[in-house]
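J.: build me a structure from this.
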Amino acid sequence: MVVTSQCRGRRVTGILIGESNAQQYFPRHLTEIELQLDHLRIECGLEPRFWDDKPVLTDPRLCLWLESKVRNQEGCRTPFALALIPTGAGSFLVGPACLEQTLQSAH
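T.: Below is the predicted model:
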């Protein structure tokens with residue numbers, strides 16, 4: 001699925017999943033998910049409001065990783081597209097949006 005970063009000012013604050021993606025890819029019984037960020041694996045908690053009105057992943061480690069991917073000399077951040085690829089029950093690979101297209105064309 002293609003998702004976008006969520007930015008506030010000059011900071012990346014998380015990943016905006018979107019309501020339809022939250023309903024389709026995240027069963028309500030999950031309280032946390034595993035994210036593969038390059039060589040790093042983290043567990044990211046899901047807030048109860050995730051499925052209702054706040055389908056956003058926020059975790060300090062995730063935000064630092066996202067910021068490391070967006071080097072801008074002026075420090076200004078704008079939302080950017082990302083791929084969130086399911087790799088198992090409650091497990092996802094996070095990468096550039098072009099990764100989603102590459103995997104789809106391989107199948």
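J.: so who does residue 2 touch?
T.: 81-84, 97, 100 (Cβ atoms under 8 Å, 6 or more residues apart in numbering). (Each C-beta comes from the backbone N, C-alpha and C, glycine too.)
J.: between those, which is nearest residue 26?
T.: When those are compared for distance to residue 26 (Cβ to Cβ), residue 84 wins out at 10.2 Å.
J.: excluding its backbone neighbours, what's nearest the spatially most central residue of the chain?
T.: Closest to where the C-alpha atoms of the chain average out (Cα atoms, centre = their mean) is residue 15, at 4.2 Å. The shortest distance from residue 15 to any non-neighbouring residue, by Cβ to Cβ, 6 or more residues apart in numbering, is to residue 57 (4.4 Å).
J.: tell me the pLDDT at the one you found?
T.: Predicted confidence (pLDDT) for residue 57: 96.
J.: now swap in the one 3 residues further on and tell me
T.: Reading off the per-residue confidence, residue 60 sits at a pLDDT of 93.
J.: low-confidence stretches in this structure?
T.: Counting by pLDDT under 70, the low-confidence segments of the chain come to 71-77, 99-107.
J.: can you give me the helices for this structure?
T.: For the chain, applying DSSP state H gives helices covering 19-25, 60-69, 97-106.
J.: packing partners for the shortest one?
T.: Pointing back at helix 19-25 there. Packing contacts for helix 19-25, counted by 3 or more Cβ pairs under 8 Å, 6 or more residues apart in numbering; DSSP states H and E, involve strand 81-88.
J.: is it true that the residue nearest to residue 15 touches residue 18?
T.: No. Using Cβ atoms under 8 Å, residue 57 makes no contact with residue 18, being 11.3 Å away.
J.: and these two? Which one has more around it.
T.: Of the pair residue 57 and residue 18, residue 57 is the one with more neighbours under other Cβ atoms under 10 Å, namely 24 against 16.
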